[in-house]
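Trainee: Sequence and predicted structure below; questions after.
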Protein chains: 2
Amino acid sequence: MMVHPTIATIERRASANLFDASQSVSDSEIEHLVRLATRAPTAYNLQNWRFIAVRSPEAKGRLRALAHGQFKVEQAAVTFVICGALPNAATLPDRLKPCVEGGYMPAGMPSAWQAAARARYGDPRIARDEAVRSAALGAATLIFAAEGLGFASGPMGGFDADGVAREFALEPDELPVMLVAVGRPAPGNWPQKPRRPLAEVLEFS
Amino acid sequence: MMVHPTIATIERRASANLFDASQSVSDSEIEHLVRLATRAPTAYNLQNWRFIAVRSPEAKGRLRALAHGQFKVEQAAVTFVICGALPNAATLPDRLKPCVEGGYMPAGMPSAWQAAARARYGDPRIARDEAVRSAALGAATLIFAAEGLGFASGPMGGFDADGVAREFALEPDELPVMLVAVGRPAPGNWPQKPRRPLAEVLEFS
């Protein structure tokens, strides 16, 4: 049976640690990657995220210092700071307007979703969870987009979040959720790490 | 230029709301989907997740009641409850053993990563963020895997998390992070919702 290339991409992808520092990623390729990343789903179509493409030597140096000095932040052509924003229900009429104009979403739905979102995110923990969830969905999509465009990627969760927020002037409602280095791989990367047995992670109900 | 099929998958995918209730997904297809979902990256290779495949009529009924009565929970062949677990650094030697045995990870690295993870997740907010992040990365990968296998998917973030934890006997360290309905689509689904302009979500640094 022929395996769909998307399945092959998922099976093949591995987190890269070593990048070829001589290879760049153009600004238009960065734009393409972020356009694709934002195709990820978000609750209520909030799109509560922002992507900072760190690719100048100066900015990479600052980011690397905030990421335990990890080499890949400087070696990769670009490292994305993927931010999630605390959901703001007031943005929904604007986010959903094209769906109403497109003729498929009923005209009263944006205000109903806005009321539901306002109630749901009144709990600050739920609001923070949503910022992390949206940014992680966007990060995963960016990672697969990079793979599809022939780049390697190296996701990072461990960094000085307060430092990144300060150095890269995040808004007060934004959290830096992940860093993802993207570029051409150098030789010597590890293979995909083995996964747990399925019986440990899957339950039928 | 030929577009890589993975890019086409990302561009085409839309959140489905309507499923063909006459179409099933076999247990071996469910296993395939979860095997693929667990190819997603996690911090330290923690793999701190679990997937509950809700596909019996009885379990679907219970889950639907906890998800604002959304029809798709019953109409789709299977709805996955994707759980993130609070990271447990003590699991790392076991998770990383195959990498050491594979000859690429230095023998001392699992204990170093364990110490780093223990320090990092001492803050309960950071630990919870990691549970949400890992589960969301797994959910995104499941969604693209479903697309690659010819299924539609409908992610849901709004549900009674305490109720799901109780009804589906989650462990005390597990959070239900997302529900993802998977099956064959019925006619009438909406197109992918339009995305925000790139200038609002991308910054170069």
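Mentor: Received the coordinates, thanks.

Trainee: What ranges does chain A have for its strands?
Mentor: A:49-54, A:78-85, A:152-156, A:174-183, A:202-204 (DSSP state E).

Trainee: I'd like those strands as a markdown table, with distance to A:Phe168 and mean pLDDT appended.
Mentor: All C-beta atoms are positioned from the backbone trio N, CA, C, and that covers glycine. Output for the strands of chain A, formatted as a markdown table (distance: least, C-beta to C-beta, whole Å; pLDDT from 0 to 100):
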| stretch | distance to A:Phe168 | mean pLDDT |
| --- | --- | --- |
| strand A:49-54 | 6 | 98 |
| strand A:78-85 | 6 | 98 |
| strand A:152-156 | 15 | 98 |
| strand A:174-183 | 8 | 98 |
| strand A:202-204 | 39 | 98 |
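
Trainee: could you dump those to TSV with mean neighbour count?
Mentor: TSV is the format used below for these (neighbours: other C-beta atoms under 10 Å in any protein chain shown):
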stretch	mean neighbour count
strand A:49-54	24
strand A:78-85	27
strand A:152-156	24
strand A:174-183	25
strand A:202-204	17
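
Trainee: A:Lys193: which of those strands is closest?
Mentor: strand A:152-156 (12.7 Å; C-beta to C-beta).

Trainee: Give me the neighbour count for the closest residue to A:Ala85 other than its chain neighbours.
Mentor: Nearest residue to A:Ala85 in three dimensions, chain neighbours excluded: A:Asn48, at 4.2 Å (C-beta to C-beta, 6 or more residues apart in numbering or on different chains). Other residues within reach of A:Asn48, judged by other C-beta atoms under 10 Å in any protein chain shown, total 27.

Trainee: didn't A:Asn48 look like it was pressed against A:Ile82?
Mentor: No - counting by C-beta atoms under 8 Å, A:Asn48 does not reach A:Ile82; the two are 11.7 Å apart.

Trainee: Number of residues surrounding the nearest residue to A:Ala14 once chain neighbours are set aside?
Mentor: Residue nearest to A:Ala14 in three dimensions, not counting chain neighbours: A:Gln192, with 3.9 Å by C-beta to C-beta, 6+ apart. A:Gln192 sits with 15 neighbouring residues when counted by other C-beta under 10 Å.

Trainee: Now do the same contact list for the residue nearest in space to the middle of chain A.
Mentor: In chain A, the residue lying closest to the centroid (C-alpha atoms, centre = their mean) is A:Ala139, at 2.1 Å. A:Ala139 sits next to A:37, A:80, A:82, A:155, A:177-178, A:180, B:137 when contact means C-beta atoms under 8 Å, 6 or more residues apart in numbering or on different chains.

Trainee: and which of these is nearest to A:Cys99?
Mentor: Nearest to A:Cys99 among those, with distances taken as C-beta to C-beta, is A:Ala37, at 20.3 Å.

Trainee: how about the closest one, what does it touch?
Mentor: A:51, A:82, A:138-139, A:141-142, A:145.

Trainee: What about those, which are in helices?
Mentor: A:138-139, A:141-142, A:145 (DSSP state H).

Trainee: Show me just the buried residues among the residues you listed.
Mentor: A:138-139, A:141-142, A:145 (16 or more other C-beta atoms under 10 Å in any protein chain shown).

Trainee: Can you name the two of the contacts of A:Ala37 that sit furthest apart?
Mentor: Maximum distance among these (C-beta to C-beta): 12.5 Å, for A:Ile82 and A:Ala145.

Trainee: okay, how far is it across stretch A:3-18, tip to tip?
Mentor: Start-to-end span of stretch A:3-18 (C-alpha to C-alpha, to the nearest Å) is 28 Å.

Trainee: scratch that, stretch A:85-101 is what I was asking about
Mentor: 26 Å.

Trainee: Buried ones in it, by neighbour count?
Mentor: Those would be A:85-89, A:91-92, A:95-96, A:99, for stretch A:85-101 by 16+ other C-beta under 10 Å.

Trainee: Looking at those, spot the one nearest chain B.
Mentor: A:Cys99 (5.4 Å; C-beta to the nearest C-beta).

Trainee: Please, where are all the helices along chain A?
Mentor: Counting by DSSP H, the helices of chain A are A:5-12, A:27-37, A:57-65, A:72-75, A:92-101, A:109-120, A:124-148, A:161-167, A:198-201.

Trainee: Quick one: mean pLDDT for the last one?
Mentor: Rounded to a whole number, the mean pLDDT of helix A:198-201 is 98.
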